[in-house]
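1. Fold the following, please.
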Amino acid sequence: MELITCPGHSCQPAALIASHLAGCSMVVAPPDADQQEPLLKENSGESFRGTPDVLKRVARGSSAYPEEFKAEVERWLAVAVDIEHHSRAWVEPFASSKEYSDEARAASQAALTAQLQNLEAALGESKKSPAAAEQGSTVKCIAGTPSLSIADIALLAAVQPLLSYVMGAEARALFPRTVQWVLEDAGQHASVAKIMGKIPLCPAPQGWVAPPKKDTKKKKKEGGGTAADKQPQAPQQDGAGGGGAGAADAELDPEKAAKKAAKQAEKDAKAAKLAAKKKAAAAAAAAQAAKKSAAGEGAGESKKAAADAKRKAEAEEAARLKAEVEAIPKGAKKDVSKAAGKAYNPHIVEANWYDWWEASGYFKPDVNSTKPPFVIVIPPPNVTGALHIGHALTNSIQDTIVRWRRMSGYNTVWVPGTDHAGIATQTIVEKTLQREKGVTRHQLGREGFLEEVYKWVDVYGGRITQQLRRIGSSVDWSRCVFTMDSQMSRAVNEAFVRMYNDGAIYRDNRLVNWCCKLKTAVSDIEVEYIDVPKRTLMTVPGYTEPVEFGVLTSFAYPVEGGGEIVVATTRPETMLGDTAVAVHPEDPRYKHLHGKFAVHPLNQRRIPIICDAELVDMNFGTGAVKITPAHDPNDFKTGKRHNLESINVFDDDGCINEQGGEFAGQPRFKARVTVVEALDKQGLFRGTTDNAMRFGICSRSKDVIEPCLKPQWWVKCDTMAAKSCAAVRSGELEIIPKEFEVVWFRWLENIRDWCISRQLWWGHRIPAYYVQMEGETGQPGTLSEDTQRWVVGHNREEAHALASSRYPGCKFNLLQDEDVLDTWCVWCLHQTLLTGNLDAKEVERAKAGQRADYPDGIEECGTDALRFGLCAYTSQVGCCFCRMAATCNEDCRKGALCFRLCEHTLQVHCCCLEELPSALRSAGRIPCASGSACARHQVQCKRCGTHGLYASTSLVYCCLEQLLSALRSGMDALHVRLCVHTTQVRCMRCSVRGAELMGLVHTSKVQRKWCRTHGLYAHPP
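-> Predicted coordinates:
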């Protein structure tokens, strides 16, 4: 089972407690801000939505959901859901994500007060059941169950945020039994304490603590706003119980009660009248149907027989045509003079044409032609699987452009190819081997594993090329390449050697994004960031129990000579690698500690207390910051400024290494608990508080990214970035639209060096060799390596000669780097290759062909790639806590959410636009034929505040149904649907602009008529 909730939802801890009580396993997915209600997914595909259904499914068949107490449990579940709903006006992050008026918040307070009064009364009346007494249970259960039930769990999870963050001491005083039940009774149950920890109370002395108000003046139109805005608002009920008294008075008012009863009676009378009309109409329809059936029973049977005969004849005709098509030799032209079938069958019509085109060489360019060239390269799809509808869209557009240029008199060529996709392919093949053969890549060895990968590539690489043929892509298959082909490998190696010799590639110990599950460094754009507003439990790969995030742990460092200095961290396990404590030089609290040392309580290492105004904010927390240079990007920079030691305390698996002393071998998140326990035993633990935090997870493995200090290969990017900026400023390179030049400069002017090595076996192995002197113990890839011992050459013999000249008379071994190059780096490296170990004449011919075939070229880079691929990631170092990029990352993250919504919706219904009924277009629920969004479809985006494109669920389902219809009608219809309305998401937020494709698209009606007459692609291109 997998649980998905929005950040801060009370169902998450409740479901975890229920799973503990029921003894079942459950995966807690990362919080999803778009998930309005809790969602529980089972492996069988069944899903449960909403807190009651989720908890009932988790506790099914256990003592937490006893059958004999089912009615009472469900009654209190409904109360918990009501508290959960009304709490959103007061509890973060919900209270600030939606605009609540004072009147709405007062109403919520009244409703909450009433429910808390009911709970208080029930706790005063309830006693332990006889069964609970027999079992020795000390917990008072609200539904009278023998032990803790999901009703208790749901109520506890719903009430806890109110007591901890909203209700001050005076407000809580009205509900003493409820407070005691939460803190000392149900809250002390072992399963509850394990998940929720120590429950804090709101420190406010009195009243209900409302979230800060937002400025709503800008959102009101001139003239006073809506009618609701003009009505007098109810005052804020800061006093405890005020709202509840008002509600009670309203219920006891006889005049209001009479009006309410009259309205209800009128409504009931109308409903009864409507039901009578429906019943009479149904009876009349039944009588009419019976009459028609009696009169035309014989005629109906005759029509059915005729229809069956017609279907049988059509099936026989289709079988005959299919046999004729299959009899045509591969590559031979189909005879179109024969009569086609009465019904249009796309599979028969489309068959054989592509084979004939390919055999006739229609897609190959004329090398001796004097026509102007037009050449594009297909964005190479990964060999990790089959192509999908997105590939069909982009290839349809490119194919249209290429065919148009070909018909316009250009000498065209469309170059195909496939990408090896290092991490993705290796991950899939490893999982397949484990599932089917029960072996790991290490058991097979490098060569054996690569053989298995090539088998995978042969299967899926061939499938991809067949799919491209199936949709009619007019590519020149004689030029098809795979990024792991031998000629590509030679070019990559040559480029690497040249860039290393020029100083553009170097080896260094720096922080990387380390994925402990994949055991490799990953790039910044392979890291997804998650925000948690407070204490949150989440399932992490490799751990049976959920891991706690969003908690700030405070502890003290003893100071030499007496005293202590308190620091706080969200990752207490990293304190094993602390090498300093930083304070602000102007902070008067710590001036007496300048130049002194603290003592590490777990390994007795002396830690200097340093002054750093750049890192430390004296007004945040205690004003003292622990420094772990090997596991935090900001600390790494601080360590460089102060020449601090960097101690890596994690191994490649994410366990504590030998630097951790008594904690060595413990997984990092288990050490998070045991380190705090050890500090507590020494009396140095100072408590925990909820803390909003942001951390990264690997987009491929969903493991939490660990910033780690690793020796890796890096590319110097500053010189290349300066040239790129100069090219745009001089006009040599043009970015369309021009407003994205700001994004271009912002990214390139803040660029960091790029980590290009990956700890994989599948990919281009790095042509670098480590010189290990005889008798030495230092190993490449570890912190003990000497980064100056590397030599780079095209092969081992060349590297050996270089090492011999550098270390004359020394005995050594050459160890080739086990790592491979980042897949994207492969594409960058071959661009730098001018000459290499290829034949000189061949290189000259290639250069001449490049000048002739690629005078300008077409580079595929959408605004989404520019915005999210460049702007969102200003640091190539791989930090998930980078303060410098925080603002930019936050903006892009919000934009990406809206971008995904628009993209997914538009890709579904725009490609089916021609099939939708005209009534829907006139209703304004979809983009007009011109591509602009209709007025009724422009609704305000709840996420970013601007107006964006949203589609109703019914519309999406309708589009999906039409898409299936288009697929059934053949690839011609799919091509038309994909090309008619292509969209480009341009605004950073949600605005969408549609564009028709160069006026080349036929209407659906004309296209069908042409296909029925001639067959798809009936003429040479």
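2. how about stretch 196-216 as CSV, C-alpha atoms only?
-> This file holds the C-alpha atoms of stretch 196-216, laid out as CSV (Å, rounded to 0.1, in the frame of the first residue of the first chain):
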residue,chain,number,x,y,z
MET,A,196,3.8,11.6,16.7
GLY,A,197,6.5,11.9,19.3
LYS,A,198,6.2,14.3,22.1
ILE,A,199,3.1,16.5,21.5
PRO,A,200,3.8,20.2,22.2
LEU,A,201,1.2,22.8,23.3
CYS,A,202,0.6,26.3,21.8
PRO,A,203,2.7,28.8,23.9
ALA,A,204,0.2,31.6,23.4
PRO,A,205,-1.4,32.7,26.8
GLN,A,206,-4.9,33.1,25.5
GLY,A,207,-7.4,33.0,22.6
TRP,A,208,-7.1,31.3,19.2
VAL,A,209,-3.9,32.2,17.3
ALA,A,210,-4.9,33.2,13.8
PRO,A,211,-2.5,33.0,10.9
PRO,A,212,-1.3,36.4,9.5
LYS,A,213,-3.8,38.1,7.3
LYS,A,214,-3.1,38.7,3.6
ASP,A,215,-3.6,41.9,1.7
THR,A,216,-6.9,41.4,-0.2
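3. residues making contact with that stretch?
-> For stretch 196-216, contacts defined as Cβ atoms under 8 Å, 6 or more residues apart in numbering pick out 13, 17, 90, 92, 95-96, 99, 105, 109, 156-157, 160, 163-172, 179, 182-183, 187, 236-240, 535, 548, 688-690. In short, each C-beta sits where N, CA and C put it, glycine included.
4. So among those residues, which ones count as buried?
-> 13, 17, 90, 92, 95, 105, 109, 156-157, 160, 163-168, 170-172, 179, 182-183, 187, 236-238, 240, 535, 548, 688, 690 (16 or more other Cβ atoms under 10 Å).
5. still on that earlier bit, out of the contacts of stretch 196-216, list just those in strands.
-> Using DSSP state E, Glu548, Thr688, Thr689, Asp690 are the members of the contacts of stretch 196-216 that sit in strands.
6. May I see these organised as a markdown table, with distance to Arg507 and pLDDT added?
-> Formatted as a markdown table, the ones in strands among the contacts of stretch 196-216 follow (distance: Cβ to Cβ, whole Å; pLDDT from 0 to 100):
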| residue | distance to Arg507 | pLDDT |
| --- | --- | --- |
| Glu548 | 37 | 90 |
| Thr688 | 41 | 90 |
| Thr689 | 42 | 89 |
| Asp690 | 42 | 88 |
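7. is it possible to export the residues you listed to a markdown table including distance to Pro365?
-> What follows is the ones in strands among the contacts of stretch 196-216, written out as a markdown table (distance: Cβ to Cβ, whole Å):
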| residue | distance to Pro365 |
| --- | --- |
| Glu548 | 61 |
| Thr688 | 68 |
| Thr689 | 68 |
| Asp690 | 65 |
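8. And stretch 575-595, end to end?
-> Taking Cα to Cα, to the nearest Å, the first and last residues of stretch 575-595 lie 20 Å apart.
9. thinking again about what came up before, farthest pair in the ones in strands among the contacts of stretch 196-216?
-> Distances among the ones in strands among the contacts of stretch 196-216 were taken as Cβ to Cβ; the most separated pair is Glu548 and Thr689, at 12.7 Å.
10. For the chain, name the helix or strand with the lowest mean pLDDT.
-> strand 992-995 (a mean of 29; mean pLDDT, DSSP states H and E).
11. all helices of the stretch 251-400 of the chain, in order?
-> Assigned by DSSP state H, counting those that start in this stretch, the helices in the stretch 251-400 of the chain fall at 254-327, 346-350, 353-360, 389-407.
12. Same check on the stretch 1-150 of the chain?
-> Using DSSP H, counting those that start in this stretch, helices in the stretch 1-150 of the chain cover 11-22, 51-58, 70-87, 94-97, 102-125, 130-135, 150-161.
13. quick one: which of those is nearest Gln816?
-> Of all the helices of the stretch 1-150 of the chain, helix 11-22 comes closest under Cβ to Cβ, at 47.5 Å.
14. How about that closest one, which residues are buried there?
-> Cys11, Gln12, Pro13, Ala14, Ala15, Leu16, Ile17, Ala18, Ser19, His20, Leu21, Ala22.
15. Tell me who's in contact with the second one.
-> The reference is to Gln12. Leu3, Thr5, Val28, Pro31, Pro38, Thr536, Leu537.
16. Mind pulling up the pLDDT for it?
-> Gln12 carries a pLDDT value of 82.
17. where's it relative to Leu40, distance?
-> Counting by Cβ to Cβ, to the nearest Å, the gap from Gln12 to Leu40 is 11 Å.
18. and for these two, which residues touch both?
-> Common neighbours of Gln12 and Leu40 (Cβ under 8 Å, 6+ apart) are Leu3.
19. quick one: low-confidence ranges for the stretch 1-150 of the chain?
-> Within the stretch 1-150 of the chain, the stretches with pLDDT under 70 are 97-99, 126-138.
20. For this protein, which residue occupies the most central location?
-> In the chain, the residue lying closest to the centroid (Cα atoms, centre = their mean) is Glu528, at 5.9 Å.
21. Which strand residues bridge that one?
-> Following DSSP bridges, Glu528 is listed with bridge partners Ile697.
22. and the closest residue in space to Leu183 that isn't next to it in sequence, how many residues sit next to it?
-> Distance criterion Cβ to Cβ, 6 or more residues apart in numbering; nearest residue to Leu183, sequence neighbours excluded, is Ile199 at 6.0 Å. Other residues near Ile199 come to 19 when the count uses other Cβ atoms under 10 Å.
23. measure Ile199 to Ala15 for me?
-> Applying Cβ to Cβ to Ile199 and Ala15 gives a distance of 18 Å.
24. do the same with Ala276
-> Noted for Ala276: a distance of 46 Å to Ala15, by Cβ to Cβ.
25. Over to Ala283?
-> In terms of Cβ to Cβ, Ala283 sits 49 Å off from Ala15.
26. so what's His631 up against?
-> If you count contacts by Cβ under 8 Å, 6+ apart, His631 has them with Leu511, Arg571, Thr574, Gly577, Asn648, Val649, Phe650, Glu706, Pro707, Cys708, Leu709.
27. Ok, Asp587 next?
-> If you count contacts by Cβ under 8 Å, 6+ apart, then Asp587 has Val616, Met618, Gly623 around it.
28. Give me the neighbour count for the nearest residue to the first one once chain neighbours are set aside.
-> What it means is Val616. Of all residues not flanking Val616 in the chain, His584 sits nearest, at 4.4 Å (Cβ to Cβ, 6+ apart). Counted with other Cβ under 10 Å, the neighbours of His584 add up to 21.
29. which residues of the stretch 201-350 of the chain score low on pLDDT?
-> 212-259, 291-301.
30. what about Gln779, how many neighbours?
-> Neighbour number of Gln779 under other Cβ under 10 Å is 12.
31. just Arg668 next, same as before
-> 26.
32. Go ahead and confirm it touches Asp651.
-> No: using Cβ atoms under 8 Å as the test, Arg668 is too far from Asp651 to be in contact (9.7 Å).
33. Tell me how far Ala33 lies from Pro7.
-> 6 Å.
34. With adjacent residues omitted, what lies nearest to Pro533?
-> Pro93 is the one closest to Pro533 (Cβ to Cβ, 6+ apart), at 4.4 Å.
35. re earlier: distance of the residue nearest to Leu183 relative to Asp690?
-> Taken as Cβ to Cβ, the span from Ile199 to Asp690 is 11 Å.
36. Contact partners for Pro161?
-> Taking Cβ under 8 Å, 6+ apart, one finds Ser10, Ser87, Val91 in contact with Pro161.
37. Now rank the residues you listed by neighbours and give me the top one.
-> Counting neighbours by other Cβ under 10 Å, the top entry in those is Ser10, with 25 neighbours.
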